[in-house]
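Undergrad: Dropping the sequence and predicted coords here.
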Amino acid sequence: MPWTPERVKAFRLSRGQKQDAFAVDAGVTRVTVSRWESGAAPLSELNAARLDALARGPRDTSRDFERGVLYACEAMSETIARLLREQREAAESIVRQAVQEKLADLPPAPAPRRRGTSAASRRTAALQDADTHAVRSARPKTKP
């Protein structure tokens, strides 16, 4: 019986496969399977023989098992990454909230003091400078 587009699609669906998995089993690309099913490309004798062999022989379940394990590992790693991301975001939120609460409990910072602007402070600075100068000049000079 020749492989018509309808028969190729029915055979693939009877195996419960998507085009990607069926293409792997048939030894072709997914695009080729799509072309077979749409009638855009006829099957070569070699590909017809491959489909005949697939139809006659038992399915290789080891490939399905490997694909299943790989899919499960991929799904687990995605799930773990998502859970870790959610936990990190929750922890960051808790820390952010605690910091904001601590900052709210602190008294306001005092205003910075301006130095040297009033007349009294200028006089005080001048007296301090004069005292420093007097102390330096009152020191006995040492001989070398």
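TA: Looks like it came in fine.
Undergrad: For Ala91, see how far away Ile80 is.
TA: Distance, Ile80 to Ala91, using C-beta to C-beta, to the nearest Å: 16 Å. For the C-beta atoms, the positions are set from N, CA and C on the backbone; glycine is no exception.
Undergrad: Actually, Asn47.
TA: For Asn47, the distance to Ala91 (C-beta to C-beta) stands at 55 Å.
Undergrad: neighbour count winner among these two?
TA: Between Asn47 and Ala91, counting by other C-beta atoms under 10 Å, Asn47 is the more crowded of the two (19 against 10).
Undergrad: Tell me how many other residues crowd the residue lying closest to Ser38 once chain neighbours are set aside.
TA: Nearest residue to Ser38, sequence neighbours excluded (C-beta to C-beta, 6 or more residues apart in numbering): Pro5, at 6.3 Å. For Pro5, the neighbour count with other C-beta under 10 Å is 16.
Undergrad: quick check: mean pLDDT across stretch 105-124?
TA: What stretch 105-124 shows for mean pLDDT is 70.
Undergrad: Revised request: answer the last question for stretch 30-41.
TA: Mean predicted lDDT for stretch 30-41 stands at 95.
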